[in-house]
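J.: Sequence below, structure please.
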Amino acid sequence: MCTICGHFVAGSEKIPSTDIYDMLTKMEHRGPDTHGIYLDEHIFRVNDLEELNGTLLWKSRIALGHSRLSIVGAGDRTQPYTSCDDRITLIHNGEIYNFKKLKSLLKRDHQWKTSSDSEVIVHLLEEVYEGDLLDAVRRVQWLLDGMYSLAVTDGKKVVAARDPIGKKPLYFIENEGVTYFASEKKALWNGKDEPRWVNPGHILTIDEEGPRVVEGYHIQMPQIDITGFDDAVSRYKQTITRAIKKRLVGLREGTIGVIFSGGIDSVLIAKLLQNEGQNVICYCSGTKDSGDIKAARAVAEDLGLELKTTILEEELVESILPRIVEDVEESGLLQVEVAIPMYMAARMAAEDGIRVMFTGQAADEIWAGYPWYSDVIEKQGYLKLHEKLWEDLNRLYADTLEREDKLTMAHAIELRAPYLDRDVIQLAMRVSPRLKIRGTADKLRKRVHRQASVELGVPAYLCNRVKDPAQSGSGIHDIIQKIASSKGKQPDVELVTENIRRDKGSCFRYGRKEGEYGSKQARAYLQAIEDEVRAVYIPRFLAAG
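T.: Residues are numbered from 1 along each chain as shown. Down below sits the predicted model:
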């Protein structure tokens, strides 16, 4: 896991590369271990970011920056990585789970300098590159099973790509003939150009004509061909177990953290890790009497899992709100509320020296867990439900995956999501939606998922617990309303409108209509915090750029 960034200057002029140092320092939390840069074919690698300060006075047209969080290939050489013929240079953020299989498919006798999953990518590109870098990336992208954002250059252009689910974020801006890209928006905030997404599966190509986002590799929705309940449960148990095993390959010995709500999704992940002999610590936060805390304590005791909790109180929540807004780079009310329990889980894990955490995210999208899915069946039928599940899965990056990546990476922790394994997604979408929800009266939903969980060792009583959204399950909603009300300020209409706009993507996931969730005071309060956060970052970008 890492951070990536870079710039491309259109025309023959070169610019000082201090912007790369600035972007890397703003995102150093994502990769605190080692650092490397590419400046027009020259590569520098250091252990301390400060060592790059003088080097980055060099001027360059194409610059790439990388900071590393060491997970797989712990003692390996720092990125950027180059092809054997020195034509291609790569920076990569993420994990490629099938890198050993891909390595065995390479036809040439490459000069391997690391045991890293990232180096496999540059050698794959080397074998297919025929002068068209975009074509080479497209030919390699569909082979990669994992989560990633990556950027490569052949000295003439830069091509950056993002995984088809959107686990790893990637943004860019263009300003006065220079295109900048980075893993987080805060590295690009300049007070003028709002960072643009590279959407999941898409490719950003940057050349003399400027930046363009083009189609890349997307997971295709399969045909529905699993219609038997027992068959679906059996296949799912095998597939989710393989997804867990896949995400353990190459990990150093140590403890794995689990973001734990006490609900079925996170409990199944913890149980499967336990079955694999892993040393697991579960982390949960909530108010003293919240449903999540009670459920987490009960199930952890039943399964013999180590559990650490944080009790959320008003003073604690108020103190961490600025840091949370800074980390997630958003101030939407729903976004912040859902972020707080995960932020505290990651903070506890970081204090324990955890570097890898697992999450139960996305089980609701693939197995139809949200209450409003029953309404879809009632009004539009099962076929529409199937379409909605696919749509929601493809929108997951915008209001969930990027938030969770940033919250954990802010604590130098890599987050792994087995339910987003491409084989799990394909399997789940082959299952008839009629097996996921049994009519509109089914209040539990996720029937295949629940039955498989019981058979894999999750207590039956937990599998019958009604879903409670994170912000209410943790008890956080009322706390934020109380904090905002205590400030006694009249809400600015423009601020509230902007905050509601940013929450639009989240509201549908919790069965809310846009703008009807939470008080105006709370929205304005969080927007004001975001404005203060941005005010710190913008002058630094302008000075470096």
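J.: Please parse this structure into its domains.
T.: Residue ranges for the domains of the chain, per automatic domain parsing: 2-218, 229-534.
J.: out of those domains, nearest to residue 540?
T.: Closest approach to residue 540 among the domains of the chain is made by domain 2-218 (5.8 Å; Cβ to Cβ). Glycine gets a C-beta too; all of them are placed from N, C-alpha and C.
J.: ok now the closest one, how far from the chain's centre?
T.: When distances are taken as Cα atoms, centre = their mean, to the nearest Å, domain 2-218 is centred 17 Å away from the chain's centroid.
J.: Okay, now the unreliable bits of the chain?
T.: Along the chain, the parts satisfying pLDDT under 70 run over 1, 55, 72-76, 467-474, 488-517, 545.
J.: Okay, and residue 318 sits in which element?
T.: Using DSSP states H and E, residue 318 sits within helix 314-328.
J.: And that helix, what's buried?
T.: Judged by neighbour count (16 or more other Cβ atoms under 10 Å), helix 314-328 contains these buried residues: 317, 318, 320, 321, 324, 325, 326, 327, 328.
J.: quick one on the thing from earlier: could I get the domains of the chain as CSV with distance to residue 542?
T.: Compiled in CSV, those are given as follows (distance: least, Cβ to Cβ, whole Å):
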stretch, distance to residue 542
domain 2-218, 6
domain 229-534, 12
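J.: Those: which one's closest to residue 543?
T.: Using Cβ to Cβ, those put domain 2-218 closest to residue 543, at 7.6 Å.
J.: Between the two ends of the closest one, how far is it?
T.: Length of domain 2-218, first residue to last, Cα to Cα, to the nearest Å: 23 Å.
J.: can you check stretch 428-436 too?
T.: Chord length of stretch 428-436, first to last residue, is 9 Å (Cα to Cα).
J.: With stretch 408-423 instead?
T.: Terminal-residue distance, stretch 408-423 (Cα to Cα): 24 Å.
J.: Give me the distance between residue 20 and residue 259.
T.: Separation of residue 20 from residue 259 (Cβ to Cβ, to the nearest Å) stands at 32 Å.
J.: Look up phi and psi at the nearest residue to residue 195 once chain neighbours are set aside.
T.: Computed as Cβ to Cβ, 6 or more residues apart in numbering, the closest residue to residue 195 that is not its neighbour in sequence is residue 171, at 3.9 Å. Dihedral angles of residue 171 (phi, psi; degrees, to the nearest 10) stand at phi -130, psi 160.
J.: count of neighbours near residue 527?
T.: As a burial measure, residue 527 scores 24 neighbours (other Cβ atoms under 10 Å).
J.: ok, it to residue 521 distance?
T.: Going from residue 527 to residue 521 by Cβ to Cβ gives 11 Å.
J.: Count the neighbours of residue 131 for me.
T.: 9.
J.: One more: residue 210?
T.: 13.
J.: which of the residues in stretch 438-452 are buried?
T.: For stretch 438-452, using 16+ other Cβ under 10 Å, the buried residues are 444, 445, 446, 447, 448, 449, 450, 451, 452.
J.: Just send those back as JSON lines, with distance to residue 33 too.
T.: Below are the buried residues of stretch 438-452 laid out as JSON lines (distance: Cβ to Cβ, whole Å):
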{"residue": "444", "distance to residue 33": "44"}
{"residue": "445", "distance to residue 33": "42"}
{"residue": "446", "distance to residue 33": "39"}
{"residue": "447", "distance to residue 33": "44"}
{"residue": "448", "distance to residue 33": "41"}
{"residue": "449", "distance to residue 33": "37"}
{"residue": "450", "distance to residue 33": "40"}
{"residue": "451", "distance to residue 33": "42"}
{"residue": "452", "distance to residue 33": "38"}
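J.: Out of the residues you listed, the closest to residue 30 would be?
T.: Among these, residue 449 lies closest to residue 30 (Cβ to Cβ), at 31.7 Å.
J.: right, and that closest one touches residue 364 too?
T.: No - assessed by Cβ atoms under 8 Å, residue 449 is found out of contact with residue 364, at 9.1 Å.
J.: quick revisit: mind listing what's buried in the helix or strand just after the helix holding residue 318?
T.: Going down the chain from helix 314-328, the next helix or strand is helix 333-351, by DSSP H and E. For helix 333-351, the neighbour count (16+ other Cβ under 10 Å) marks 333-350 as buried.
J.: Run a quick neighbour tally on residue 154.
T.: 18.
J.: Pull the contacting residues for it.
T.: By Cβ atoms under 8 Å, 6 or more residues apart in numbering, the residues touching residue 154 are 87, 88, 129, 133.
J.: what about it, distance to residue 111?
T.: Residue 154 is 19 Å from residue 111, by Cβ to Cβ.
J.: ranges for the strands of the stretch 1-150 of the chain?
T.: With strands called from DSSP state E, counting those that start in this stretch, the stretch 1-150 of the chain shows them at 2-9, 15-16, 34-39, 42-46, 59-60, 62-68, 81-82, 89-96, 146-153.
J.: Take the ones you listed and lay them out in JSON lines including mean neighbour count.
T.: Formatted as JSON lines, those follow (neighbours: other Cβ atoms under 10 Å):
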{"stretch": "strand 2-9", "mean neighbour count": "27"}
{"stretch": "strand 15-16", "mean neighbour count": "16"}
{"stretch": "strand 34-39", "mean neighbour count": "24"}
{"stretch": "strand 42-46", "mean neighbour count": "15"}
{"stretch": "strand 59-60", "mean neighbour count": "19"}
{"stretch": "strand 62-68", "mean neighbour count": "28"}
{"stretch": "strand 81-82", "mean neighbour count": "22"}
{"stretch": "strand 89-96", "mean neighbour count": "26"}
{"stretch": "strand 146-153", "mean neighbour count": "26"}
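J.: Which one of these lies nearest to residue 180?
T.: Residue 180 lies closest, by Cβ to Cβ, to one member of the strands of the stretch 1-150 of the chain: strand 2-9, at 5.1 Å.
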